[in-house]
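Enquirer: 3D, please:
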Amino acid sequence: MGHLDHAAFGWLTPALSYVMACIGAALGLRCTVRALTATGRSRRNWLITGASAIGTGIWTMHFVAMFGFSVTGTEIRYNVPLTVVSLVVAMVVVGVGVFAVGYSKNKGRALFLGGLTTGVGVASMHYLGMAALRLHGEVHYDPAMVGLSVLIAVAAATAALWAALNIKAPVAVAVASLVMGAAVTSMHYTGMMAVSVDVTPGTAELSGATTMQFIFPLAVGLGSYLFLTSAFVALSPTATEREASASAQRPLESALP
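Expert: Numbers count the residues shown, from 1 in each chain. Purely as a prediction, here's the structure:
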């Protein structure tokens, strides 16, 4: 059985993956808060942005953490189509949960269904990403740890959606994002604790791409998307600010001849 190292670069990859999860959560929650005060097309656009931010943050967290994953006796590559599918799954399932909260009139039912759907989807993203692994050997999972990781994912997703419904202040959103980032990262490493690998030494070249060929450039691109979108959201006026600006201009317009 091959020895698994989940932090080949020390605390660098766990810390960086946590930061990415927190950024995605903060941006997603902020967009969802904006959506709940908007209507029509604006609400839809904010929800789409929020879902893509949270999904991107979760996916980037997973694969940044995977930079530090190694197995003695074999190199590791990734199946490109499956890796891309895992990204799409992350965005779609988070979108289902976010839209359920954004449009449902029964918030309690939306929170339950959205949290369950999103949590199971996040876990699916994780294990799809693991299915994309290509190595000399066979990967096995501890069912109990897999189940625990799914429960953590559902709890994290439900907590995030609850925060989107109930937390409005920027400081509170920041605190909720730190908690959600910790929960999502814990889900990842709990899932990784379920993994064992029976290495079968071989000389045949593995199919797929290395982390530096595909995963690293994609993670950097998605990370840049999160930072740029964060700047856009931070600079966009809220509904309250727009209303205040409009109110301030009315007296000026009425005073003009």
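Enquirer: residues of stretch 130-140 that come out buried?
Expert: 130, 132, 133, 134, 135, 136, 137 (16 or more other Cβ atoms under 10 Å). Where you see a C-beta, it was placed from the backbone N, CA and C, and this is true even at glycine.
Enquirer: which pLDDT value belongs to the last one?
Expert: Per-residue confidence for residue 137 comes out at a pLDDT of 86.
Enquirer: just the helices in this protein please.
Expert: Here the chain has its helices, by DSSP state H, at 12-36, 40-67, 80-103, 107-131, 143-166, 170-193, 216-235, 239-255.
Enquirer: contact partners for the nearest residue to residue 156 once chain neighbours are set aside?
Expert: Using Cβ to Cβ, 6 or more residues apart in numbering and skipping the chain neighbours, the partner closest in space to residue 156 is residue 183 (3.5 Å). Neighbour list for residue 183: 152, 155, 156, 159 [criterion: Cβ atoms under 8 Å, 6 or more residues apart in numbering].
Enquirer: equivalent analysis for residue 184, please.
Expert: 21, 25, 57, 58, 61, 122, 153, 156.
Enquirer: adding neighbour count, distance to residue 70 and pLDDT, write those residues out as a markdown table.
Expert: Formatted as a markdown table, those follow (neighbours: other Cβ atoms under 10 Å; distance: Cβ to Cβ, whole Å; pLDDT from 0 to 100):
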| residue | neighbour count | distance to residue 70 | pLDDT |
| --- | --- | --- | --- |
| 21 | 31 | 21 | 87 |
| 25 | 30 | 28 | 84 |
| 57 | 31 | 24 | 86 |
| 58 | 34 | 22 | 86 |
| 61 | 29 | 18 | 88 |
| 122 | 30 | 24 | 84 |
| 153 | 28 | 24 | 87 |
| 156 | 26 | 26 | 82 |
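Enquirer: in CSV, list these along with distance to residue 224.
Expert: Putting the contacts of residue 184 into CSV (distance: Cβ to Cβ, whole Å) gives the following:
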residue, distance to residue 224
21, 16
25, 18
57, 13
58, 17
61, 15
122, 22
153, 26
156, 25
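Enquirer: out of these, who's nearest residue 5?
Expert: Closest approach between those and residue 5, by Cβ to Cβ: residue 61, at 18.4 Å.
Enquirer: show me what contacts the spatially most central residue of the chain?
Expert: By Cα atoms, centre = their mean, the chain has its centre lying nearest to residue 58, at 2.1 Å. By Cβ under 8 Å, 6+ apart, the contact set of residue 58 is 21, 24, 90, 94, 122, 125, 184.
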